[in-house]
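Visitor: quick one, fold the following:
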Amino acid sequence: MNIVLINPEIPFNTGNIGRSCVATGTKLHLVGKLGFKIEDKEIRRSGLDYWVNLDYKTYKDFDGFLSSVENKESMFFFSTKGKKSFWDIKYPPDSYLIFGSESCGFPKEIYETYKEKLFTIPMTGPVRSLNLSTSAGVVLFEALRQQR
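Guide: Presented below is the predicted three-dimensional model:
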């Protein structure tokens, strides 16, 4: 599995996601402008001492990331703007679980280009969205559950 964060802003979220990646053998892809430096103590604190074991790669932009993906069919985008549930996906083992930034989600062109591959986590109540690290964990463990 692969988790992809596009323009992540909050180091604690990325650190928590990194820890989940280490725990599950998942690769983390950090794409675009980061709201922190990888060396920042905040990201290392939330990832604890596991960060040294994290398999991750950074990309200057989405096109750079896209050129590294062999199977584009295995890319799935997650947003509150998605119309289909993440439960409806049949996740292949090489899935790319892609999330936008905490404050503004994906760049507009991603919403347009990948609208058929845009999924949401169903929620009830007055909550607009889940925390990024919670969302990534929910989706990752569903994808892994299907692979067991």
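
Visitor: find the least confident helix or strand in this protein, judged by mean pLDDT.
Guide: Sorting the helices and strands of the chain by mean pLDDT, DSSP states H and E puts helix 41-46 at the bottom, at a mean of 64.

Visitor: show me what the helix or strand just after it is packed up against.
Guide: Remark: after helix 41-46, the chain's next helix or strand is strand 56-59, criterion DSSP states H and E. For strand 56-59, the packing partners by 3 or more Cβ pairs under 8 Å, 6 or more residues apart in numbering; DSSP states H and E come out as strand 27-31. The way it works is simple: take the backbone N, C-alpha and C, and place the C-beta from them, glycine included.

Visitor: centre of the chain to the strand it packs on, how far?
Guide: 8 Å (Cα atoms, centre = their mean, to the nearest Å).

Visitor: is the closest residue to Ile98 other than its chain neighbours part of a helix or strand, or is it coil?
Guide: Closest residue in space to Ile98, ignoring its immediate chain neighbours: Val4 at 4.2 Å, by Cβ to Cβ, 6 or more residues apart in numbering. Using DSSP: H, G, I helix; E, B strand; the rest coil, the three-state assignment for Val4 comes out as strand.

Visitor: so Val4 bridges to which residues?
Guide: Beta bridges link Val4 to His29, Ile98 when assigned by DSSP bridges.

Visitor: what's the pLDDT at Leu132?
Guide: Per-residue confidence at Leu132 stands at 97 (pLDDT).

Visitor: excluding chain neighbours, what is closest to it?
Guide: Closest residue to Leu132 apart from its sequence neighbours, by Cβ to Cβ, 6+ apart: Asn13 at 4.4 Å.

Visitor: quick one, what contacts the one you found?
Guide: Going by Cβ atoms under 8 Å, 6 or more residues apart in numbering, Asn13 touches 46, 102, 131-133.

Visitor: name the residues that touch the longest helix along the chain?
Guide: Criterion DSSP state H: the longest helix present in the chain is helix 132-147. By Cβ under 8 Å, 6+ apart, the surrounding residues in contact with helix 132-147 are 1, 3, 5, 8, 10, 12-14, 16-17, 20, 24, 26, 76, 78, 86-87, 89-91, 93, 95, 97, 99, 102, 121, 129-130.
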